[in-house]
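**Q** Here is the input, now give the coordinates:
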Amino acid sequence: MYIEMVDETKQVPEEMQTQIRDLLEFAAQKIGKEQKEMVVTFVDNARVHEVNLKYRGIDRPTDVVSLEYKPETQIIFDEDDLLDNPELSKMLEDFDAYIGELYISIDKAHEQAKEYGHSFEREMGFLAVHGFLHINGYDHYTPEEEAEMFGLQEEILTAYGLTRE
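**A** The predicted structure is shown next:
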């Protein structure tokens, strides 16, 4: 999985960015999305507020904004077209590789780590996995969706070794 990291705050150490990248690659393997691409941007509360308002219409800061990429163009090919043209197959794979982007508020991560009594590293990992699952179609609008998403989220974090302290 290709993950671009952008730290607008200049406050997220390289080691933490590497850990989050490794965690997201681990999560991608868990759900079968290893060949995908995404961007993770670390921001402050003011910036996440701006993004939340612009893309979700919610006028407040939040901990993570997940923007799932859904191509507007639907391309339909006959299977024989793809078999006869490997370049076309590769082009379509590349077109479909980008899944979205996350904006993680490090301010909220600090607040929530303190509130929930665990480490900043655990909270950052939690927010990254939570957002990653959202851009891969998981949600928590119903009790059933919440149980599935939160169960998978905890399974990933525990298997990776980011447990609650």
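**Q** just how off-centre is whatever helix or strand residue 158 lives in within its chain?
**A** Assigned by DSSP states H and E, residue 158 belongs to helix 143-160. How far helix 143-160 lies from its chain's middle: 14 Å, per Cα atoms, centre = their mean, to the nearest Å.
**Q** Show me what it is in contact with.
**A** Contacts to helix 143-160, defined as Cβ atoms under 8 Å, 6 or more residues apart in numbering, come from residues 23, 26-27, 30-31, 122, 125-126, 129-130, 133, 138-140, 163. (Each C-beta comes from the backbone N, C-alpha and C, glycine too.)
**Q** Among these, which one lies nearest to residue 13?
**A** residue 125 (14.0 Å; Cβ to Cβ).
**Q** pLDDT weak spots in the protein?
**A** Applying pLDDT under 70 to the chain flags the ranges 71-96, 165.
**Q** what about the strands in it?
**A** 2-7, 37-43, 64-68, 98-105 (DSSP state E).
**Q** how about TSV for the ones you listed, with mean neighbour count added?
**A** As requested, the strands of the chain are exported to TSV (neighbours: other Cβ atoms under 10 Å):
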stretch	mean neighbour count
strand 2-7	15
strand 37-43	21
strand 64-68	20
strand 98-105	22
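**Q** Just send the ones you listed back as TSV, with distance to residue 112 too.
**A** Below are the strands of the chain laid out as TSV (distance: least, Cβ to Cβ, whole Å):
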stretch	distance to residue 112
strand 2-7	19
strand 37-43	15
strand 64-68	10
strand 98-105	9
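**Q** Please identify which of those is closest to residue 115.
**A** Proximity to residue 115 (Cβ to Cβ) singles out strand 98-105 among the strands of the chain, at 13.7 Å.
**Q** helices or strands up against the closest one?
**A** strand 37-43, helix 45-56, strand 64-68, helix 120-135 (3 or more Cβ pairs under 8 Å, 6 or more residues apart in numbering; DSSP states H and E).
**Q** which residues sit against that strand?
**A** With Cβ under 8 Å, 6+ apart, strand 98-105 has contacts from 33, 36-45, 47-48, 51, 61-69, 124, 127-128, 131-132, 135-136.
**Q** Sheet-wise, list the partners of that strand with their directions.
**A** When pairing is defined by DSSP bridges, strand 98-105 lines up against strand 37-43 (parallel), strand 64-68 (antiparallel).
**Q** Can you lay out those as TSV showing distance to residue 144?
**A** Shown next, in TSV, are those (distance: least, Cβ to Cβ, whole Å):
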stretch	distance to residue 144
strand 37-43	26
strand 64-68	20
